[in-house]
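Peer 1: predicted model and sequence follow; I will ask about them next.
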Amino acid sequence: MSTKERGMIPGNEGAPWGWTDRHRSQHVAIVGATGAVGRELAQLLLAAEHPRERIDCLARRFGKLELALGRVKLDVRPLESTREATDFEGTDLAFLCTPSGISRELAPALCEAGVRVIDLSSALRMRPDVPLVVPEINGGELRGAPRLVANPNCTSAIAALPLAVVQRLFGLEELILVSYQAASGAGSAGIETLHYEAREASGAPAQGAPPQSPFVARLHQNVIPAVADVGPDGTSGEEQKICEELRKILGLPGLVVESTTARVPVERCHSVAIHCRLGADLDLDRLRAELARAPGLALTEDPHGPRPLECAGSDPVHVGRIRAGTRGKRSLCFFAVGDQIRKGAALNALQIAAALPAER
Ligand SMILES: NC(=O)c1ccc[n+]([C@@H]2O[C@H](COP(=O)([O-])OP(=O)(O)OC[C@H]3O[C@@H](n4cnc5c(N)ncnc54)[C@H](OP(=O)(O)O)[C@@H]3O)[C@@H](O)[C@H]2O)c1
């Protein structure tokens, strides 16, 4: 697999995802290690040959995190305090794969105690003093070695990667995005719920009590046309995040963005249909050539792709169905699919950590 396919940052080649001996010497904590994202991050760290004795896993209670088909078992201990850094003696870097309420309290406490923090929740993303980073796009924001970095919303990160190329070539004036978001975007409860509902629908005998569903309705055989709570203006929280975060990551505060987010009965990978109004005339050949070259992207010529089932578990954001729109020469449409637990969360966070310079 090439450097580009593995989503590596140019200049960090030679180690998986740019994870070198300097990074492996750090004591790393994963808070929320038993969740969908924390577990993936632990797998990625092991794949990047981070010593397992320097990976500290925290969640709500004591337990074991079984990885690599049960071949590796990491101890999990409970997080004692969200307000103080007492659990983090000797920790160099903490990944917060936790609900927003926990990150909001814990991140400042850790920074205060000198621990570097990469927060994967939405708690701090829009704070002006916190960089919101997709390394291939705005990795330059890490040059000043910030102590706290936010990882974007999964759909924002997936959409931003191809959009950054479009912006560089033609400029962006308006965007319409429609997302088809996987069950695992709602964490391990989302995956368990989809499995349970599918099993129940097949008539197979129930195995244990039904999980507590994070969805407002049955998801199996269904589409729920709003992800997260819907506000009084009819916009969902997820739609608001996508609009605000895309403007911040792309550095385009005036960009007009409209989005609709839907939850679909897919286990893994978010898909996004994107319609753009450009600042200059579209040149499709040039766009295809640049998308094919850009780090972190994989272009497909399959007229019916990319699709989540085939993209699950892979690093790049897959882009296809690239075509001129019908609204004049500045109109572009395409489809993007990314494994949101990897590039939308754990992998992007690991890449941020890899790209962070040593603290002075
Ligand atoms: N899933 C995605 O695709 C995705 C993508 C981008 C960003 N994110 C964000 O990443 C974060 C984690 O998401 P997820 O999908 O992994 O959620 P998840 O599967 O529900 O996992 C949540 C994790 O947080 C832990 N936790 C919850 N309350 C805690 C507490 N009071 N003290 C200590 N640990 C606690 C849980 O521990 P227990 O197992 O012990 O309960 C679990 O390890 C969220 O902020 C989410 O918005 C998720």
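Peer 2: Cool, the structure landed.

Peer 1: ok, and the closest non-adjacent residue to the closest residue to the ligand within the stretch 251-360 of the chain?
Peer 2: Distance from the ligand to each residue of the stretch 251-360 of the chain (Cβ to the nearest ligand atom) is smallest for Ala345, at 3.6 Å. In short, each C-beta sits where N, CA and C put it, glycine included. Distance criterion Cβ to Cβ, 6 or more residues apart in numbering; nearest residue to Ala345, sequence neighbours excluded, is Val37 at 4.5 Å.

Peer 1: re the thing from before, burial of the residue of the stretch 251-360 of the chain closest to the ligand, as a residue count?
Peer 2: 27 (other Cβ atoms under 10 Å).

Peer 1: so it sits in a helix?
Peer 2: Yes - inclusion of Ala345 in a helix is indicated when DSSP: H, G, I helix; E, B strand; the rest coil is applied.

Peer 1: list the contacts for it?
Peer 2: The neighbours of Ala345, taking Cβ atoms under 8 Å, 6 or more residues apart in numbering as the test, are Val37, Glu40, Leu41, Cys97, Leu120, Asn151, Cys154, Ala157.

Peer 1: mind listing what's buried in the helix or strand that contains the residue nearest to Ala345?
Peer 2: Counting by DSSP states H and E, the element that carries Val37 is helix 36-47. The neighbour-count check on helix 36-47 (16 or more other Cβ atoms under 10 Å) flags Ala36, Val37, Gly38, Arg39, Glu40, Leu41, Ala42, Gln43, Leu44, Leu45, Leu46 as buried.

Peer 1: now do stretch 99-119
Peer 2: For stretch 99-119, burial by neighbour count (16+ other Cβ under 10 Å) applies to 102-107, 109-111, 115-119.

Peer 1: any residue of that stretch up close to the ligand?
Peer 2: Yes - remark: stretch 99-119 sits within contact range of the ligand at Pro99, Ser100, Ile102, by Cβ under 6 Å from any ligand atom.

Peer 1: those in helices, which ones?
Peer 2: The subset of these located in helices under the criterion DSSP state H comprises Ser100, Ile102.

Peer 1: now the angle between helix 36-47 and the helix ranked longest in the chain, please.
Peer 2: In the chain, with assignment by DSSP H, the single longest helix is helix 154-170. Comparing the axes of helix 154-170 and helix 36-47 via axes from the mean of the first three to the mean of the last three Cα atoms, to 10 degrees yields an angle of 70 degrees.

Peer 1: ranges for the strands of the chain?
Peer 2: 28-31, 55-59, 63-67, 72-78, 93-96, 116-119, 148-150, 172-181, 256-263, 270-278, 297-299, 317-324, 331-338 (DSSP state E).

Peer 1: and of those, who's closest to Arg127?
Peer 2: Nearest to Arg127, of all these, is strand 148-150, at 7.7 Å by Cβ to Cβ.

Peer 1: for that closest one, packing partners?
Peer 2: With contacts defined as 3 or more Cβ pairs under 8 Å, 6 or more residues apart in numbering; DSSP states H and E, the secondary structure elements packing on strand 148-150 are helix 100-112, strand 116-119.

Peer 1: would CSV of these with mean pLDDT and distance to Ala198 be doable?
Peer 2: Putting those into CSV (pLDDT from 0 to 100; distance: least, Cβ to Cβ, whole Å) gives the following:
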stretch, mean pLDDT, distance to Ala198
helix 100-112, 97, 29
strand 116-119, 98, 33
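
Peer 1: got the ones you listed as CSV, with distance to Ala349 columns?
Peer 2: CSV is the format used below for those (distance: least, Cβ to Cβ, whole Å):
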stretch, distance to Ala349
helix 100-112, 12
strand 116-119, 5
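
Peer 1: ok, Thr261 - contacts?
Peer 2: Residues near Thr261 by Cβ under 8 Å, 6+ apart: Thr155, Val178, Ser179, Gln181, Ala226, Val227, Ala228, Ser236, Glu238, Glu239, Ile242.

Peer 1: contacts only, for the closest residue to the fourth one other than its chain neighbours.
Peer 2: Residue nearest to Gln181 in three dimensions, not counting chain neighbours: His270, with 4.8 Å by Cβ to Cβ, 6+ apart. In this structure, His270 makes contact with 154-155, 158, 179-182, 185, 308, 337-338, 340, 344, judged by Cβ under 8 Å, 6+ apart.

Peer 1: before we move on, back to that, restrict the contacts of Ala345 to contacts with the ligand.
Peer 2: Among the contacts of Ala345, proximity to the ligand is found for Val37, Cys97, Leu120, Cys154 (Cβ under 6 Å from any ligand atom).
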